[in-house]
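Visitor: Okay, structure incoming, though there's no sequence with it:
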Ligand code: A2P
């Protein structure tokens, strides 16, 4: 079994580059998916309080028989838990559901532009959790550069990670550059473009998985389109967290460490950017989603 390369975060913590995603994985399928992923060789799982499957991640970890310290666990605080005390409590809820004393990476799920004070307070709580050793690293998700700039007016710890929508049809070069300038690792959500074909996300979608340019690159290497996208992320220094519940695809997405794309191939994939996001605009969130309450364990 190959070992996964790691990336050193800005506070020295080592994180496996390729993680296993469980966005939209139903709770009753999560343990099996996580167990399969860990047996395949993944050593990093990305979940979120709002996915409501943290306890499934805990079950999967247990089933795998791996030691706690062999797996890097990342989760996210949902916006309804923002505020200093609320976010400290959000850690307790997630840690209990995950069956962990310490979370490897805890990030804010998204900015709350209309309530940025609460976003700042939530981040201050993350800084406290970091100082107390309850988490090994902290970060953000779906932060545009102006959100990071605003956060850093009050923050003392630079986020280790900013997890954003990033696939060949939406590469966010300005976000990547701003993250890099601050020493923040860009982590791709929907790294193989699931957001471009998930049902219910709009009618005129083009699936990245059917892209002809990537298909031809994949054929040249005897790899799949998904494997090419994952290799593209890794070679450009990003973390990626592909989601699957299917054992064959879980294995396929992990089998990306034995080949290399050329500089020309990377450039051809970069050129596919449409500048059009598939997911929600971080500045135009639907306030009703703040009503989602994260249950007690
Ligand atoms: P499934 O769970 O049935 O495998 P993303 O992580 O970019 O959002 O993509 C996740 C989506 O892509 C899910 O719908 C997942 O479905 C599907 N998927 C995951 N891996 C692959 C793959 N190797 N080839 C095709 N589809 C995949």
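Guide: Now that the structure is in, tell me what you want to look at. From a predicted model like this one, the values you see are computed outputs, not experimental measurements.

Visitor: Mind giving me the packing neighbours of the helix or strand hosting residue 213?
Guide: Secondary-structure assignment from DSSP states H and E places residue 213 in helix 212-221. Helices and strands touching helix 212-221, as assessed by 3 or more C-beta pairs under 8 Å, 6 or more residues apart in numbering; DSSP states H and E, comprise helix 225-235, helix 263-270. Heads up, the C-betas are built off the backbone N, CA and C, glycines and all.

Visitor: mind checking how far residue 220 is from the ligand?
Guide: Computed as C-beta to the nearest ligand atom, to the nearest Å, the residue 220 to the ligand distance reads 18 Å.

Visitor: Pull the contacting residues for the nearest residue to that residue once chain neighbours are set aside.
Guide: The shortest distance from residue 220 to any residue other than its chain neighbours is 8.0 Å, reached at residue 265 (C-beta to C-beta, 6 or more residues apart in numbering). Applying C-beta atoms under 8 Å, 6 or more residues apart in numbering, we find residue 265 in contact with 217, 220, 228.

Visitor: Likewise for residue 119?
Guide: Under the criterion of C-beta under 8 Å, 6+ apart, the neighbours of residue 119 are 82, 108, 111, 112, 147, 151.

Visitor: tell me which of those residues is nearest to the ligand?
Guide: residue 108 (20.0 Å; C-beta to the nearest ligand atom).

Visitor: Okay, and the beta partners of that closest one?
Guide: residue 77, residue 140 (DSSP bridges).

Visitor: Is there a neighbour count for the closest residue to the ligand within the stretch 151-297 of the chain? I'd like the number.
Guide: Shortest the stretch 151-297 of the chain-to-the ligand distance, computed as C-beta to the nearest ligand atom: residue-wise this is residue 194, at 2.3 Å. Applying the criterion other C-beta atoms under 10 Å, we find 22 residues in the vicinity of residue 194.

Visitor: which residues touch the closest residue to it other than its chain neighbours?
Guide: Spatial nearest neighbour of residue 194, excluding adjacent residues (C-beta to C-beta, 6+ apart): residue 243 at 6.4 Å. Residues in contact with residue 243, defined by C-beta under 8 Å, 6+ apart, are 20, 21, 22, 23, 24, 25, 194.
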